[in-house]
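In: Here is my input, please return the structure:
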Amino acid sequence: MKHTPLYNLHVKSGAKMVPFAGFEMPVQYEGINSEHLAVREAAGMFDVSHMGNFFITGTDAAKYLQYLTSNDIAKLYPGKVQYSTLTNVQGGIVDDLLVYMLDENHYMLVVNAANIEKDLKHLQSFLSKFDDVRLEDRSGEYAIIAVQGPGSVELMNEVTGEALEKMKFYTHRELEIAGIPVLLSTTGYTGEKGFEIYLSAADAPSVWNRVAQVGLAYDLKFCGLGARDTLRLEKGYCLYGNDINDKTTPLEAGLGWITKLETGFLGSDVLKRQKEEGLARRLTGFVMKQKAIPRHGYKIIDAKGNVLGEVTSGTMSPVLKQGIGMGYIPPAYSQPGNEIFILVRNKPIPAETVKLPFV
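Out: The predicted structure follows:
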């Protein structure tokens, strides 16, 4: 089991540690619900240092990324961040990721921890198609700390001594925290205002402690993977391995907004055909009409008992106090307001399809 640079601080703070993507990570501190609500109402801090960091440089770096990612790399400029997907020849999702343009011909990719090795092999296999591209895996050299919630701007203003409310969504800049150089971005996985702090692994404990100290006045709570998952699900954000994988396409997953078919990325020909012929299934959100929690893998059926699909993600929403979930079902059933049923321990429980996000 690998440890992030903040492991000892989590243990000291009484976190419940669990295995996740090869790391021992905090799943919760005082409880998922209270951590979740802290992020919705005040501020929460997460260790996301298990994520992978790849650096792409060279005069063909933009062309290379334009070919391998579904969003339009040409829209980036130094200081801008983009959400995108890595695709395969079949148009399936190899991973979802963030692309940071650090400078001209210089990019950072932030990838899911469980996919670091797979993504690296995928990216390496296309290097020979381009004349001047270098790919460097520097995962493990960096720590990433996320500070999220409506109180995060004021909190981080005090931490940095800067007016961070001027930063636009999905941008980044370099600054210092307690004399330590960091890259700060207005990104996150909670649907709230917030920041992600990238810094050297060795400096992570000092910055974590500094934010924690200032955070006392802002009701900051330490948060684990459990709250991270319920927060992202309330916003309808996909989790790789659950809601998206190598066999699901960005169009099926509702990620058409980051799928720029005109750029000619890998697999875009397949996706063009899929768009023309019509989707056979769509990732759809639903809310339980009775007290029940939909779990990953539960069957989704119609009123006659025909199987429509299965739940990819589900939980009890801490904000709505209702069971919520997502799953792939035929488009005829995916419009908001349709009744479907979730098989919970072989009993069909009614649910209603809804427009995402849930909250």
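
In: would you list every one of the helices in the stretch 1-150 of the chain?
Out: Along the stretch 1-150 of the chain, counting by DSSP state H, counting those that start in this stretch, helices occupy 7-12, 32-41, 61-68, 116-124.

In: Go through those helices and name the closest to residue 341.
Out: helix 32-41 (26.9 Å; C-beta to C-beta). (C-beta placed from N, C-alpha, C; glycine too.)

In: what's the closest non-adjacent residue to residue 336?
Out: Spatially, and ignoring its direct neighbours in sequence, residue 336 is nearest to residue 355 (4.7 Å; C-beta to C-beta, 6 or more residues apart in numbering).

In: returning to that earlier point: using a markdown table, lay out the helices of the stretch 1-150 of the chain together with mean pLDDT and distance to residue 301.
Out: Output for the helices of the stretch 1-150 of the chain, formatted as a markdown table (pLDDT from 0 to 100; distance: least, C-beta to C-beta, whole Å):
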| stretch | mean pLDDT | distance to residue 301 |
| --- | --- | --- |
| helix 7-12 | 98 | 41 |
| helix 32-41 | 98 | 29 |
| helix 61-68 | 98 | 38 |
| helix 116-124 | 98 | 33 |
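
In: of all the ones you listed, which lies closest to residue 285?
Out: Residue 285 lies closest to helix 32-41 among the helices of the stretch 1-150 of the chain, at 17.9 Å (C-beta to C-beta).

In: Quick check: phi and psi at residue 212.
Out: Backbone torsions for residue 212, taken as degrees, to the nearest 10, come to phi -60, psi -40.

In: ok, it to residue 155 distance?
Out: Distance of residue 212 to residue 155, given as C-beta to C-beta, to the nearest Å: 10 Å.

In: if you count what's nearby, which of these two comes out ahead?
Out: residue 155 (25 against 15; other C-beta atoms under 10 Å).

In: Is the residue located most distally from the centre of the chain in a helix, a strand, or coil?
Out: Largest separation from the mean C-alpha position in the chain: residue 304, at 35.7 Å (C-alpha atoms, centre = their mean). At residue 304 the chain is in coil, as set by DSSP: H, G, I helix; E, B strand; the rest coil.

In: Look at it and report its pLDDT.
Out: Note on residue 304: pLDDT of 97.
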